[in-house]
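Asker: Have a look; sequence and predicted model below, questions after that.
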Amino acid sequence: QLQLVESGGGLVQAGESLTLSCEVSGSLSEYVSIAWYRQVPGKEREGVSCISNSDGSTYYQDPMKARFTISRDRAKSRVTLRIVEVQPEDSADYYCAAAKYCSGYELLAARYWGQGTQVTVSS
């Protein structure tokens with residue numbers, strides 16, 4: 001029904017920029033909102049940003065508004081998360097997820113998840 005595949009993670013230096021991609025495929029791909037989450041090992045997963053399927057509205061967790069940008073390219077079935085001026089505290093596993101609606105910067109009942117892509121920021 002829906003498959004999500006993240007890419008773009010890796011090792012980056014503090015201050016650099018990074019773009020993560022979420023390839024969305026499947027019969028439901030046109031009907032879902034997409035969100036990015038991140039998780040540091042040993043800590044709870046946190047929402048980063050959500051882009052609404054209905055009108056393209058974007059939502060961010062407050063601390064991330066200044067440096068994170070979510071966007072969607074429907075022609076390429078891709079949702080990207082651009083991070084500028086990355087900081088060591090941005091190091092985490094980043095996941096994209098899908099559901100019908102955003103609930104703020106997260107999804108309302110996320111049902112589909114990608115496998116994640118790891119970001120490591122060196123200082």
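Answerer: Arrived safely. Numbering: from 1, shown residues only.
Asker: Pick out the residue nearest the middle of the chain.
Answerer: Relative to the mean C-alpha position of the chain, the nearest C-alpha, by C-alpha atoms, centre = their mean, is the one of Trp36, at 2.4 Å.
Asker: gap between the helix or strand hosting that one and the chain center?
Answerer: Per DSSP states H and E: Trp36 is located in strand 33-39. Chain-centre distance of strand 33-39: 4 Å, with C-alpha atoms, centre = their mean, to the nearest Å.
Asker: And that strand, what does it pack against?
Answerer: Strand 33-39 sits against strand 18-25, strand 46-51, strand 68-73, strand 78-83, strand 92-99, strand 106-107, with contacts defined as 3 or more C-beta pairs under 8 Å, 6 or more residues apart in numbering; DSSP states H and E. (C-beta placed from N, C-alpha, C; glycine too.)
Asker: got the contact list for the fifth one?
Answerer: Judged by C-beta atoms under 8 Å, 6 or more residues apart in numbering, the contacts made with strand 92-99 from elsewhere in the structure are 2, 4, 6, 9, 20, 22, 24, 28, 32-41, 45, 48, 79, 81, 107-119.
Asker: Kindly report the same for the first one.
Answerer: Counting by C-beta under 8 Å, 6+ apart, strand 18-25 makes contact with 2-10, 12, 32, 34, 36, 77-83, 86, 94, 96, 98, 114, 117, 119, all of which sit outside it.
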